[in-house]
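1. okay, predicted coordinates and the sequence, questions at the end:
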Amino acid sequence: MTYQVIIPAAGQGKRMGAGKNKLLLELDGIPVLVHTLQVFEADDACTGIILAIHPQDEAEFNALINMHHLCKVKGLVPGGKERQHSIYNALKTVSNDGIILVHDAARPFILKKHIHVLTEAAAKTGAAIMGVPAKDTMKKVENGVVEATVERSSLWAVQTPQAFRVSLLVEAYEKAERDHFLGTDDASLIERLGHPVTMIEGDYDNIKLTTPEDLFFAEAILKKRKGL
Ligand SMILES: Nc1ccn([C@@H]2O[C@H](COP(=O)(O)OP(=O)(O)OP(=O)(O)O)[C@@H](O)[C@H]2O)c(=O)n1
Ligand SMILES: C[C@](O)(CO)[C@H](O)COP(=O)(O)O
């Protein structure tokens, strides 16, 4: 199943505290952004990449795209204040129906085999997301006091890619804009339509590089992937 992918890369990386866009930090000598883009560049099923960027990063990102021959990047769109705004700016440039993926640039370890399972599921149901069963007990806390323990057996740690029929995602974003709803993932906008979202189990390596210790986990994952 062919697809296009929106890659939001316009964040500030505040929690990483790197003093620059965390996507320019290097793993094994290659920027995080390039690691992520290379997965989709190498996937024959991917027909195009739309990158949402912070304008201050445009020159550096374009240089990396050219240096690494990332020919599938067909558009750079300006990011927005929130992740959802960045993705919406990119979604507005997507013309056809078909399948669109949204994948965080900060998740460089997604595997092609998981992308393909996800896109096939989205082709069948209209909406499918990647995740893994929760490993930690989760509790609801208010003002430092535990309010409730959430039953873990039905909890999943949600990742990206998240895959959708283009027309369904457009409908969800238009409703979220009308309602001034801001979600932390795209699937939450689809859920507001009452449309079912399929969960596809991925793997725990598909981490989002968010805080400094994630860089150490990332180096270990790279070593494991290289069989070191
Ligand atoms: N306004 C935003 C915020 C985030 N992102 C992107 O969405 C992905 C997931 O966001 P996150 O990991 O939270 O990145 P940041 O927002 O940069 O991190 P922080 O919240 O620590 O500033 C990242 O690839 C980030 O670049 C984006 O395109 N536009
Ligand atoms: C979309 C996401 O990666 C799913 O876990 C996550 O919600 C992004 O959160 P962030 O704070 O914008 O990184």
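-> Here it is on my side, so go on. Ligands and ions are numbered 1, 2, ... in the order given.

2. only C-alpha atoms for contact and neighbour calcs from this point on.
-> Will do.

3. which residues of the chain lie near ligand 1?
-> Within the chain, the positions adjacent to ligand 1 are 8-16, 52, 79-83, 86, 104-106, 210 by Cα under 6 Å from any ligand atom.

4. which SSE is Val146 in?
-> Here Val146, judged by DSSP states H and E, is contained in strand 145-150.

5. what mean pLDDT does that strand get?
-> On average, the pLDDT along strand 145-150 is 98.

6. any weak-confidence spans in this protein?
-> Within the chain, the ranges that satisfy pLDDT under 70 run 228.

7. and the contacts of the longest strand seen in it?
-> The longest strand of the chain (DSSP state E) is strand 156-165. For strand 156-165, contacts defined as Cα atoms under 8 Å, 6 or more residues apart in numbering pick out 97-104, 107, 110, 115, 118-119, 122-123, 126-134, 186-187, 206-208.

8. which among the residues of the chain next to ligand 1 count as buried?
-> Neighbour counting over those (16 or more other Cα atoms under 10 Å) leaves 8-13, 16, 52, 79-80, 83, 86, 104-106, 210 as the buried ones.

9. what's the burial count for Gly29?
-> Counted with other Cα atoms under 10 Å, the neighbours of Gly29 add up to 7.

10. just to revisit the earlier point, the strand holding Val146 packs against which elements?
-> With contacts taken as 3 or more Cα pairs under 8 Å, 6 or more residues apart in numbering; DSSP states H and E, strand 145-150 sits against strand 138-142.
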